[in-house]
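>>> model the structure of this input:
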Amino acid sequence: MTNPLPTHSLPTAEEIAIARESGRTISAYLQTQAQSQQIEIFDGQGEAHTVRIPVSALRLLIEVLTEIGEGNAVSIIPIHAELTTQDAADALNVSRPFLVQLLEKGEIPFHKIGTHRRVRYQDVMAYKERLDAERNRALDALAEQAQALKMGYE
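A predicted model of the protein is given here:
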């Protein structure tokens, strides 16, 4: 299995500028009523080749260009992808041993291939969403408490 979370370097200033411009241009001409659009790609000899692309792929391309235009590196992972424990830990920004503890506690489903654990990307993201929702609820409760105690957060 190839690593679905490759390490990317940050885009250069030139790539950022190109991404911003091309993202705006594609957005301006995107016909959302159509299921596909045609674009022209030029080869090394300057010959144009028309390519038909699904609008959903163009929307994703705009999202990618937006991120690059903000100076971010981008990686695309299929929703059904299976991750190694290191890849899953990287996606959650935690250590691999901590992730393994989460797996063993049943916080995130996993299966084994031989002796190696594999985690579905969707399950990792579902865990992250649950964790983020819990954090937001806790922050809301703290804010309510601070307001009730008149701590200057009115």
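>>> could you chop this structure up by domain?
13-69, 82-148 (automatic domain parsing).
>>> okay if I get those domains as CSV plus mean pLDDT, mean neighbour count and distance to Ile76?
From N, CA and C alone the C-beta is placed, and that goes for glycine too. What follows is the domains of the chain, written out as CSV (pLDDT from 0 to 100; neighbours: other Cβ atoms under 10 Å; distance: least, Cβ to Cβ, whole Å):
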stretch, mean pLDDT, mean neighbour count, distance to Ile76
domain 13-69, 91, 12, 7
domain 82-148, 93, 14, 11
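>>> please enumerate the helices of the protein.
13-29, 55-69, 85-92, 96-105, 121-148 (DSSP state H).
>>> and Gln37, which of those is closest to it?
Closest to Gln37 of the helices of the chain is helix 55-69 (Cβ to Cβ; 6.0 Å).
>>> measure how far that closest one is from the centre of its chain, please.
Mean C-alpha position of helix 55-69 versus that of the full chain (Cα atoms, centre = their mean, to the nearest Å) differs by 12 Å.
>>> helices or strands next to it in the packing?
helix 13-29, strand 36-42 (3 or more Cβ pairs under 8 Å, 6 or more residues apart in numbering; DSSP states H and E).
>>> of all those, which one is nearest Asp123?
Closest to Asp123 of these is helix 13-29 (Cβ to Cβ; 31.1 Å).
>>> now for the closest one, which elements pack on it?
Using 3+ Cβ pairs under 8 Å, 6+ apart: helix 13-29 touches helix 55-69.
>>> relative to helix 13-29, how tilted is the helix it packs on?
150 degrees (axes from the mean of the first three to the mean of the last three Cα atoms, to 10 degrees).
>>> run the angle between helix 55-69 and strand 36-42 for me.
Orientation of helix 55-69 against strand 36-42 (the same axes, to 10 degrees) gives an angle of 50 degrees.
>>> would you put the C-alpha positions of helix 55-69 in CSV?
The C-alpha trace of helix 55-69 is given here as CSV (Å, rounded to 0.1, in the frame of the first residue of the first chain):
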residue,chain,number,x,y,z
VAL,A,55,-17.8,19.6,-12.2
SER,A,56,-17.3,17.8,-8.8
ALA,A,57,-13.6,17.4,-9.7
LEU,A,58,-13.3,21.0,-10.7
ARG,A,59,-14.8,22.1,-7.3
LEU,A,60,-12.3,19.9,-5.5
LEU,A,61,-9.5,21.5,-7.7
ILE,A,62,-10.7,24.9,-6.6
GLU,A,63,-10.5,23.9,-3.0
VAL,A,64,-7.0,22.6,-3.6
LEU,A,65,-5.9,25.8,-5.4
THR,A,66,-7.4,27.9,-2.6
GLU,A,67,-5.4,26.0,0.0
ILE,A,68,-2.2,26.3,-2.0
GLY,A,69,-3.0,30.0,-2.6
